[in-house]
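K.L.:
Give me a 3D structure for the following:
(one chain, ligands or ions: 1)
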Amino acid sequence: MTGTTYSGDFDAAWLPPAAFRAVGSRRTLIRAGDGLWTDTVHRELNGACERFGGRVVRDGGEDAELVLEAADAPDDESFTLERRDGVTTVTASGGRGLLYGLFHVVRLGEDAFAGERAREEHRPAYATRMLDHWDNVAVHPVMGQVERGYAGGSLFWADGRARGDLDRVRAYGRLLAACGINALAVNNVNVHATEARLLTDRIGDVAAIADVLRPYGIRTHLSVTFAAPTVLGGLPTADPLDEAVRDWWAEATRRVYEEIGDFGGYVVKADSEGQPGPFAYGRSHADGANMLAAALEPYGGTVHWRAFVYDHHQDWRDRTTDRARAAYDHFTPLDGAFAPNAVLQVKHGPMDFQVREPVSPLIGAMPDTRLAVELQITQEYTGQQRHVCWLGPMWSEVLRFRPDGEVSTGRLADGLVAVSNAGDDPFWTGHPLAQANLYTFGRLAWDPAADPRAVLDEWIALTHPGAPERLAEGLHAVLDGSWATYEKYTAPLGVGFMVQPGHHYGPSVDGYEYSPWGTYHFADRDGVGVDRSTATGTGYTGQYATPWAEVYEFPDTCPEELLLFFHHVPYGHVLAGGKTVIQHIYDTHFEGVEEAEEARRVWAGLADLVEPARHARVAERFEEQLRSAREWRDQINSYFLRKSGVPDERGRTIH
Ligand code: GCU
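P.N.:
Coordinates of the predicted model:
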């Protein structure tokens, strides 16, 4: 039986004590000056050695099997690893690199101490690897405490205040360091009244969190409201070009740095879904972002300015407006206008974290602007942590995408950000298997070229040290492919949404069809999908560079899984495999449910190998997943049968 829950309080996730067996049973020499991160390395190793009988020395380690050495460049995150003559050596320029080097050795386990190993260099691809927590301090009447949170309450806030006991936050920081995350925003991008004050009179609460995360190499960031000078400062305006407003931000920021010397910076959602922004003053988003960048610049801080700007009061009758176009149309004219410490944070797709979207055309279209790509670990549209849906393959596809079509391994942007899926649930993520998503995000942010399936196996091995092959294979079978399964029983061929409005869980095919949100599928008796072509549609395909503009323009070259995102086609349109669109819809919906049933069966067969509480939690979620998947299947199939009148070739039951 593997997996550990600490005293019923919270799960050890991918750092159970047994994951440290290999390093903890060795003699280790640490050759590094004192410093925050070296101290963390020391503490980790001492803890492991106490448990497994090894020893840590700071000099005279002739017989050491592991040598960790760091020079004096504390901020450098890279390290090298080699093994010669029975000694494994991690060399870093400073403490941060040493910390990542240690966790790398932990991941390797006994393999780190076997044979010879030529010198390898490890360096993160993205300098910023950040989690955004959409946590509210006070419980919001509609969104609850964590907006789009499916793992209980907030890790940081409870009852309208900062949590006094930060043990869990400490454990969280440790988990995040072990998968490479180095930045974290502690509150929701929709900044409500109480949360606005984190910037000023409640900054001490943020400082307390920053203190706990710092030893794990994590810098703390804060979401702020653009209206802060008016709502907190009593000024008559928040105009970014007004001198008094600029002074207000400069002073507020100075005070933040007084409390948090290594504060990361601000995250801003402006002119988006009702949040205030520079448009109210006739200013551009570059004016807004640059004002905050100027306030942060003297201290080395960064503003993450979100590009999620679109018309959420659209008239559904108006076929000329296309929400997918919005970010590109708003921001590309501003390329080159943003300050060097302003980062435009762009959702990976042009809509909103659907199960399938093309990569946003904004990415790659602003060569003179720093960009961060935003993913969503919290499964708002992918089963809300009640369905198993491992997103590694989706993210890997996004990160491997090249705007110019070249398949290279370079970075897509400067930073990678994701909305966290963790809360105060004992398993951190509600669904215990959703931990794999958090882990995978961190590892892909370090190395976007990594094979996500190898990362999955790494997560399995760390979470269940010494797992018998049957368990490892079973977990892999349940998780790998779960994204494809989810896609099969939900909205077909990239069309998106079809969810219940508001909470976004469960099917409602027309739930958003006549709404102001710009999220339509246009199904009628003849066909379905959104014509986004340049020739006859909204012109969205024209936002891509060659070759994608041409590839997406025509139904015959458009990747099948995105067909209905880009094109409105008749139900009889024949896909590459020879099936019609309508038959594809029926088949995938039956298959999706069958695959989910099979995953549940595999999980049930692992009962003797998994700790009972964990097994029961997942089993219970599978019941809900199956109920929901059948609902999706039946609603989607019935809807399209009724619209199209085309029967299922195989005569299965459709209601
Ligand atoms: C989605 C989500 C909102 C969130 C928004 C955002 O629309 O449903 O809850 O605020 O994204 O990313 O800002």
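
K.L.:
Residue 275 and residue 196, how far apart?
P.N.:
11 Å (Cβ to Cβ, to the nearest Å). Every C-beta, even on glycine, is put in place using the N, C-alpha and C of the backbone.

K.L.:
joint contacts of those two?
P.N.:
residue 225 (Cβ atoms under 8 Å, 6 or more residues apart in numbering).

K.L.:
show me the residues around whichever residue of the stretch 501-650 of the chain sits closest to the ligand that make contact.
P.N.:
Of all residues in the stretch 501-650 of the chain, residue 504 sits closest to the ligand, at 6.5 Å by Cβ to the nearest ligand atom. Shown in contact with residue 504 (Cβ under 8 Å, 6+ apart): 148, 380, 381, 384.

K.L.:
From the residues you listed, pick the one nearest the ligand.
P.N.:
Nearest to the ligand among the contacts of residue 504, with distances taken as Cβ to the nearest ligand atom, is residue 148, at 5.1 Å.

K.L.:
Isn't the closest one up against residue 421?
P.N.:
No. Look at residue 148 against residue 421 with Cβ atoms under 8 Å: they stay out of range, at 9.1 Å.

K.L.:
Please enumerate the shared neighbours of these two.
P.N.:
Counting by Cβ under 8 Å, 6+ apart, the residues touching both residue 148 and residue 421 are residue 378.

K.L.:
These two: which is more packed in?
P.N.:
More crowded of residue 148 and residue 421, by other Cβ atoms under 10 Å: residue 421, with 30 against 19.

K.L.:
Quick check: next helix or strand after the lowest-mean-pLDDT helix or strand in the chain?
P.N.:
Every helix and strand of the chain was ranked by mean pLDDT, DSSP states H and E. The lowest is strand 5-6, at a mean of 49. Moving toward the C-terminus from strand 5-6, the next helix or strand (DSSP states H and E) is strand 10-11.

K.L.:
Please state the offset of that following strand from the chain centre?
P.N.:
21 Å (Cα atoms, centre = their mean, to the nearest Å).

K.L.:
so what strands line up beside that strand?
P.N.:
In the sheet, strand 10-11 lines up against strand 5-6 (antiparallel) (DSSP bridges).

K.L.:
Am I right that residue 145 sits in a strand?
P.N.:
Yes. Per DSSP: H, G, I helix; E, B strand; the rest coil, residue 145 lies within a strand segment.

K.L.:
Next, count neighbours for it.
P.N.:
Neighbour tally, residue 145, other Cβ under 10 Å: 22.

K.L.:
can you tell me which residues contact it?
P.N.:
For residue 145, the contacting residues are 135, 136, 139, 153, 154, 157, by Cβ under 8 Å, 6+ apart.

K.L.:
Kindly report the same for residue 279.
P.N.:
residue 271.

K.L.:
again, 10 Å this time
P.N.:
Applying Cβ atoms under 10 Å, 6 or more residues apart in numbering, we find residue 279 in contact with 226, 270, 271, 285, 288, 309, 330.

K.L.:
check contacts around residue 228.
P.N.:
When contacts are counted by Cβ under 10 Å, 6+ apart, residue 228 touches 191, 196-197, 199-200, 235, 238, 245, 248-249, 252, 266, 276, 292.

K.L.:
and those residues, which are buried?
P.N.:
191, 196-197, 199, 235, 238, 245, 248-249, 252, 266, 276, 292 (16 or more other Cβ atoms under 10 Å).

K.L.:
Which member of the contacts of residue 228 is positioned nearest residue 589?
P.N.:
residue 191 (39.8 Å; Cβ to Cβ).

K.L.:
so the closest one sits right up against residue 226, yeah?
P.N.:
Yes. If you go by Cβ atoms under 10 Å, residue 191 and residue 226 touch, sitting 8.7 Å apart.

K.L.:
tell me the contacts of the closest residue to residue 314 other than its chain neighbours?
P.N.:
Excluding its sequence neighbours, the residue lying closest to residue 314 (Cβ to Cβ, 6 or more residues apart in numbering) is residue 518, at 4.6 Å. Applying Cβ under 10 Å, 6+ apart, we find residue 518 in contact with 310-316, 318, 321-326, 351-352, 497, 512.

K.L.:
In ChimeraX, how would I select the buried members of the residues you listed?
P.N.:
Per 16+ other Cβ under 10 Å, the buried members of the contacts of residue 518 correspond to this ChimeraX selection:
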select :310,314,316,322,323,324,325,326,351,352,497,512
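
K.L.:
What residues are bridge-paired with the residue nearest the centre of the chain?
P.N.:
The centroid of the chain falls nearest to residue 418 when counting by Cα atoms, centre = their mean (3.0 Å). Residue 418 forms beta bridges with residue 131, residue 375, as assigned by DSSP bridges.

K.L.:
Read off the pLDDT value for it.
P.N.:
Note for residue 418: predicted pLDDT of 98.

K.L.:
picking that back up, ok, so of the contacts of residue 145, who is nearest residue 231?
P.N.:
For those, the nearest to residue 231 is residue 136 (15.9 Å; Cβ to Cβ).

K.L.:
So which elements touch the helix or strand hosting that closest one?
P.N.:
If you go by DSSP H and E, residue 136 is part of strand 135-140. On a contact count with 3 or more Cβ pairs under 10 Å, 6 or more residues apart in numbering; DSSP states H and E, strand 135-140 meets strand 144-146, strand 157-158, strand 161-162, helix 193-196.

K.L.:
okay if I get the ones you listed as a markdown table plus mean pLDDT and distance to residue 435?
P.N.:
Formatted as a markdown table, the helices and strands packed on strand 135-140 follow (pLDDT from 0 to 100; distance: least, Cβ to Cβ, whole Å):
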| stretch | mean pLDDT | distance to residue 435 |
| --- | --- | --- |
| strand 144-146 | 95 | 17 |
| strand 157-158 | 94 | 22 |
| strand 161-162 | 90 | 25 |
| helix 193-196 | 97 | 27 |
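
K.L.:
And the ones you listed: which comes nearest the ligand?
P.N.:
So among the helices and strands packed on strand 135-140, strand 144-146 is nearest, using Cβ to the nearest ligand atom, at 10.4 Å.

K.L.:
Can you list the strands that the closest one pairs with?
P.N.:
Strand pairing (DSSP bridges) places strand 144-146 next to strand 135-140 (antiparallel).

K.L.:
What residues sit buried inside the partner strand?
P.N.:
Applying 16+ other Cβ under 10 Å to strand 135-140 flags 135, 136, 137, 139, 140 as buried.

K.L.:
now for the longest helix seen in the chain, which elements pack on it?
P.N.:
Counting by DSSP state H, the longest helix found in the chain is helix 612-644. With contacts taken as 3+ Cβ pairs under 10 Å, 6+ apart, helix 612-644 sits against strand 10-11, helix 482-489, strand 527-528, helix 581-604.

K.L.:
residue ranges with poor pLDDT in this structure?
P.N.:
The chain contains residues with pLDDT under 70 at 1-8, 407-410.

K.L.:
can you list the domains in it?
P.N.:
5-122, 128-463, 487-530+568-644 (automatic domain parsing).
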